[in-house]
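Would you be able to build a 3D model of this:
(chains A and B)
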2 protein chains.
Amino acid sequence: MCTMPLYMDVHRDVDASVEEVVEAHKKDLETQEKHGVKYLNYWVDDDEGAVFCLFEGPSKEAGEKVHKEAHGLAADEIFEVEQGE
Amino acid sequence: MCTMPLYMDVHRDVDASVEEVVEAHKKDLETQEKHGVKYLNYWVDDDEGAVFCLFEGPSKEAGEKVHKEAHGLAADEIFEVEQGE
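Numbers count the residues shown, from 1 in each chain, chains lettered A, B, ... in the order given. Next up is the predicted model:
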């Protein structure tokens, strides 16, 4: 296989509405290409202020750069993951 | 819309190999139906001992019951989420 690493990032205590997270994600999509990143999906718990972003990319740092450049909402943690099934 | 709630659970400091997580997930799939739960996907960070499980179900507790009954590896946190896109 020759696939890019897969990452799940976790944002906690996010002080943004679901609408703002949706907008932030759109900015990620506009910014990702230059860093070789592809955001695949994300999940939001509005009550808890938690956001999970699943992305492919060359490194954790590439994902950090996209978030920083797109909207500044940095993840608290980024995990390199294997997807089940 | 008439869809079941969606949840992301997070397991931290998991003391199990990827193979054991794969086996645990199979047991979830065998156990889920009686609790009205459907595991959709999962992601494993073997180095960090982190596992994320995405599931539909009637409640967080239903997901807890499946894990408890299937293999006993309880999640540390369960978030009710909306999926992006």
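
Could you confirm A:A62 falls within a helix?
Yes - judged by DSSP: H, G, I helix; E, B strand; the rest coil, A:A62 forms part of a helix.

Go through stretch A:47-64 and flag the buried ones.
A:50-57, A:59-60, A:62-64 (16 or more other Cβ atoms under 10 Å in any protein chain shown). Heads up, the C-betas are built off the backbone N, CA and C, glycines and all.

Could you confirm whether any residue of it contacts chain B?
Yes - judged by Cβ under 8 Å from any Cβ of the partner chain, stretch A:47-64 and chain B are in contact via A:47-48, A:50, A:52, A:54.

among the residues you listed, which two are most distant?
Maximum pairwise distance among the residues of stretch A:47-64 next to chain B (Cβ to Cβ): 20.8 Å, between A:D47 and A:L54.

which residues touch A:A70?
Applying Cβ atoms under 8 Å, 6 or more residues apart in numbering or on different chains, we find A:A70 in contact with A:24, A:27-28, A:30-32.

quick one: which helix or strand includes the residue lying closest to A:V81 once chain neighbours are set aside?
Excluding its sequence neighbours, the residue lying closest to A:V81 (Cβ to Cβ, 6 or more residues apart in numbering or on different chains) is B:W43, at 3.8 Å. Secondary structure from DSSP states H and E places B:W43 in strand B:38-45.

re the thing from before, pLDDT score for the residue nearest to A:V81?
Note for B:W43: predicted pLDDT of 98.

Just the helices from chain A, written as ranges.
Along chain A, counting by DSSP state H, helices occupy A:18-31, A:60-70.

Those into TSV, with extra columns for distance to B:A75 and mean pLDDT?
TSV is the format used below for those (distance: least, Cβ to Cβ, whole Å; pLDDT from 0 to 100):
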stretch	distance to B:A75	mean pLDDT
helix A:18-31	23	96
helix A:60-70	23	98
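
returning to that earlier point: if any of the contacts of A:A70 are buried, give me the ChimeraX selection for them.
Those of the contacts of A:A70 that count as buried under 16+ other Cβ under 10 Å are selected in ChimeraX with:
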select /A:24,27,28,31,32
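
just to revisit the earlier point, B:E80: which of the residues of stretch A:47-64 next to chain B is nearest?
The closest of the residues of stretch A:47-64 next to chain B, once distances to B:E80 are taken by Cβ to Cβ, is A:D47, at 7.2 Å.

residues touching that closest one, list them.
B:E80.

can you check A:L54 too?
A:6-8, A:39-42, B:43.

how about the residues of chain A that lie near chain B?
So far as Cβ under 8 Å from any Cβ goes, chain A lies against chain B at A:6, A:8, A:10, A:18, A:21-22, A:25, A:41-48, A:50, A:52, A:54, A:79-85.
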